[in-house]
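> sharing a model that was predicted from the sequence below.
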Amino acid sequence: MKTTTIRLYSLDYSNVKTYFAATLFILGNLALPQLCHLIPQGGLTLLPIYFFTLIAAYKYGWKVGLLTAVFSPVLNHLLFGMPPAGVLPAILLKSVLLAVVAGYVANRFKRISIPVLALVVLAYQFIGTLGEWAMVGNLTLAFQDFRIGIPGMGLQILGGYLFIKYLVYK
């Protein structure tokens with residue numbers, strides 16, 4: 001598998017570019033779920049709320065990723081009622097984990113590849129599933145992303161790879 005060395009941008013909270021970048025990714029995370037919700041069970045299957053969080057954290061670091069991770073689900077809930085309030089804590093947990101894991105992995109490996117993104121997605125999903133299980137006390141419900149969200153994880157891995165490699169880094 002070919003890997004591509006990437007140029008990372010580490011932005012901090014005192015830099016206005018951090019908020020500009022996060023705003024663009026949050027807007028993406030507002031639009032993509034709306035499109036996916038046009039498909040029956042599209043949100044549960046495609047997991048669109050995580051897509052631009054992955055890209056934000058991988059490209060601009062965990063700080064931009066964290067802003068995207070927190071504001072995307074909250075704004076989606078406030079504006080569109082999705083995700084429902086009952087699942088919002090679990091989605092926030094997984095979003096924050098995704099931002100931290102993606103930012104760390106990007107900084108550690110400084111390259112992009114499908115196996116590296118698969119590692120990121122599986123790591124945040126596995127840890128997030130354990131956290132969700134602790135929150136809701138129902139293992140079957142906690143493993144929902146692994147039962148019906150496999151297409152969404154694939155979209156994050158393959159779509160994220162293509163987006164980062166061909167659109168963001170060129």
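Now that the structure is in, tell me what you want to look at.
> the residue nearest to residue 111 when sequence neighbours are not counted and residue 161, how far apart?
Excluding its sequence neighbours, the residue lying closest to residue 111 (Cβ to Cβ, 6 or more residues apart in numbering) is residue 3, at 4.5 Å. In short, each C-beta sits where N, CA and C put it, glycine included. Distance, residue 3 to residue 161, by Cβ to Cβ, to the nearest Å: 10 Å.
> so for those two, which residue has more residues nearby?
residue 161 (21 against 14; other Cβ atoms under 10 Å).
> isn't that one up against residue 113?
Yes - counting by Cβ atoms under 8 Å, residue 113 is a contact partner of residue 161 at 7.4 Å.
> just want the most central residue of the chain.
residue 50 (2.8 Å; Cα atoms, centre = their mean).
> which residues are in contact with that one?
Applying Cβ atoms under 8 Å, 6 or more residues apart in numbering, we find residue 50 in contact with 94-95, 98, 152, 156.
> make it 10 Å
29, 32-33, 68-69, 72-73, 91, 94-95, 97-99, 102, 121, 124-125, 128, 145, 149, 152-153, 155-156, 160 (Cβ atoms under 10 Å, 6 or more residues apart in numbering).
> quick check: the residue with the largest distance to the centre of the chain vs residue 85, distance?
Each residue of the chain has a distance to the centre, and by Cα atoms, centre = their mean the biggest one is for residue 137: 23.8 Å. Residue 137 sits 18 Å away from residue 85, going by Cβ to Cβ.
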